[in-house]
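Here you go, sequence then predicted model.
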Amino acid sequence: MKLLTIDGTTVEVMDYQWMLADQDLDSGRNLAGIMERNLLEHSVNKLTVIFPPQNGDERAATLQLLHKEELICDFLSPYSNSIERHIMMHGDLKSALYWNVVNENGQDEILYNAFTVELVEY
């Protein structure tokens with residue numbers, strides 16, 4: 001099963017966490033200490049995705065796929081137990097170098113650690 005597709009590209013993920021976040025407008029406790037909520041109709045899907053370790057070309061492709069103003073994401077929603085499509089935005093993109101090695105062709109190759117990114121529905 002394809003857990004996550006971004007703009008038509010299926011991506012490999014090591015870990016995948018889904019969250020449905022309710023949104024409130026002017027909610028809070030009144031003077032008696034009772035919570036008064038003004039819950040908005042739309043709840044927001046949030047994904048926390050861990051991409052696996054990658055080489056330089058793979059990491060560049062992943063970052064370029066993510067670094068857009070909006071992303072059309074198809075993902076498995078535990079709420080509906082089906083693949084849903086939502087327009088999302090990415091959180092901060094932070095990539096850590098693991099190792100600079102010489103590969104079997106005698107060329108330098110950069111390897112990157114796994115990295116985490118949050119995808120949040122508009």
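Perfect, I can see it now.

Surely R59 is within a strand?
No - according to DSSP: H, G, I helix; E, B strand; the rest coil, R59 belongs to no strand; its state is helix.

and it, how many neighbours?
19 (other C-beta atoms under 10 Å). Using the backbone N, CA and C atoms, a C-beta is placed for each residue, glycine as well.

which residues touch it?
By C-beta atoms under 8 Å, 6 or more residues apart in numbering, the contact list for R59 reads S95, Y112.

And it, how far from L71?
From R59 over to L71 the distance is 17 Å, taken as C-beta to C-beta, to the nearest Å.

now do W99
On the measure of C-beta to C-beta, W99 and L71 end up 29 Å apart.

Those two: who's more crowded?
When W99 and L71 are compared on other C-beta under 10 Å, the one with more neighbours turns out to be L71, at 19 against 10.

Is that one bridged to anything, and to what?
M88 (DSSP bridges).

L119 is in contact with that one, correct?
Yes - with contact defined as C-beta atoms under 8 Å, L71 counts as touching L119 (6.7 Å).

okay, and the common contacts of the two?
Common neighbours of L71 and L119 (C-beta under 8 Å, 6+ apart) are M88, M89, H90.

OK, contacts around the last one?
Okay, so that is H90. Residues near H90 by C-beta under 8 Å, 6+ apart: L66, H67, K68, L71, V117, E118, L119, V120.

what do you get if the cut-off is 7 Å, keeping everything else the same?
H90 makes contact with L66, L71, V117, L119, according to C-beta atoms under 7 Å, 6 or more residues apart in numbering.

Can you pull the phi/psi pair for the residue located most distally from the centre of the chain?
Residue farthest from the centre of the chain, counting by C-alpha atoms, centre = their mean, is A32 at 40.0 Å. When read as degrees, to the nearest 10, the backbone of A32 gives phi -90, psi 0.

what's near enough to touch L3?
Taking C-beta under 7 Å, 6+ apart as the test, what L3 contacts is V13, Y16, F75, L76.

D22 now?
L39, S43.

Show the pLDDT at it.
With respect to pLDDT, D22 has a value of 80.

And L97, by the same measure?
Value for L97, per-residue pLDDT: 95.
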